[in-house]
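K.L.:
Here is the input, now give the coordinates:
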Amino acid sequence: MKFYLVILITALAFSVSYADDKKDVQSSGEYEKLVEGKKKNESKMYELRLKLIKEDPELEALHRKIMALHKELALRLDKKDEMKKLLEKQKELSSEIEKMLRKRKTENVSN
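P.N.:
The predicted structure is shown next:
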């Protein structure tokens with residue numbers, strides 16, 4: 001029991017220390033730079049993946065197979081009763097959101 005208590009206290013101390021470090025980085029503006037750099041790098045990685053898939057016939061074939069399997073998986077999942085209920089609820093929610101947006105637009109136009 002003492003062992004678990006020591007682990008818990010150590011974990012809490014680490015998390016508090018990590019939170020303080022994160023605040024320092026955020027306040028200095030470095031955080032925003034890092035996040036922006038990460039976004040740019042992710043974008044470059046995405047573009048390179050697309051390029052490599054287009055250029056390499058083996059990668060392109062593998063990508064096609066994965067996409068076909070993904071589509072099959074989605075179709076099979078959507079046939080399950082629980083998923084059908086959630087999909088129907090999603091349609092209803094989307095419809096209600098659209099109605100509210102249209103109502104807001106007409107109210108804003110009339111004002």
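K.L.:
ok, His63 touching Ile53?
P.N.:
Yes: between His63 and Ile53 there is a contact under Cβ atoms under 8 Å: 5.0 Å. C-betas here are computed from N, CA, C, even on glycine.
K.L.:
List the contacts of the helix or strand where Ala61 lies.
P.N.:
For Ala61, the host element (DSSP states H and E) is helix 57-78. Contacts to helix 57-78, defined as Cβ atoms under 8 Å, 6 or more residues apart in numbering, come from residues Leu52, Ile53, Lys54, Met83, Lys84, Leu87.
K.L.:
Roughly how far does the nearest residue to the first one once chain neighbours are set aside sit from Glu42?
P.N.:
To tie it back to what came earlier, the one meant is Leu52. Spatial nearest neighbour of Leu52, chain neighbours left out: Leu59 (5.9 Å); criterion: Cβ to Cβ, 6 or more residues apart in numbering. To Glu42, Leu59 is 19 Å away according to Cβ to Cβ, to the nearest Å.
K.L.:
between those two, which one's more packed in?
P.N.:
Higher neighbour count among Leu59 and Glu42: Leu59, with 13 against 10, using other Cβ atoms under 10 Å.
K.L.:
With secondary structure and neighbour count added, can I get the contacts of helix 57-78 in JSON lines?
P.N.:
Converted to JSON lines, the contacts of helix 57-78 look like this (DSSP: H, G, I helix; E, B strand; the rest coil; neighbours: other Cβ atoms under 10 Å):
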{"residue": "Leu52", "secondary structure": "helix", "neighbour count": "12"}
{"residue": "Ile53", "secondary structure": "helix", "neighbour count": "16"}
{"residue": "Lys54", "secondary structure": "helix", "neighbour count": "11"}
{"residue": "Met83", "secondary structure": "helix", "neighbour count": "13"}
{"residue": "Lys84", "secondary structure": "helix", "neighbour count": "12"}
{"residue": "Leu87", "secondary structure": "helix", "neighbour count": "13"}
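K.L.:
what are the ranges of the helices in the chain?
P.N.:
Per DSSP state H, the chain carries helices over the ranges 2-28, 30-55, 57-78, 81-110.
K.L.:
Redo these as TSV? Include mean pLDDT.
P.N.:
Formatted as TSV, the helices of the chain follow (pLDDT from 0 to 100):
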stretch	mean pLDDT
helix 2-28	60
helix 30-55	96
helix 57-78	97
helix 81-110	93
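K.L.:
Cool, thanks, signing off.
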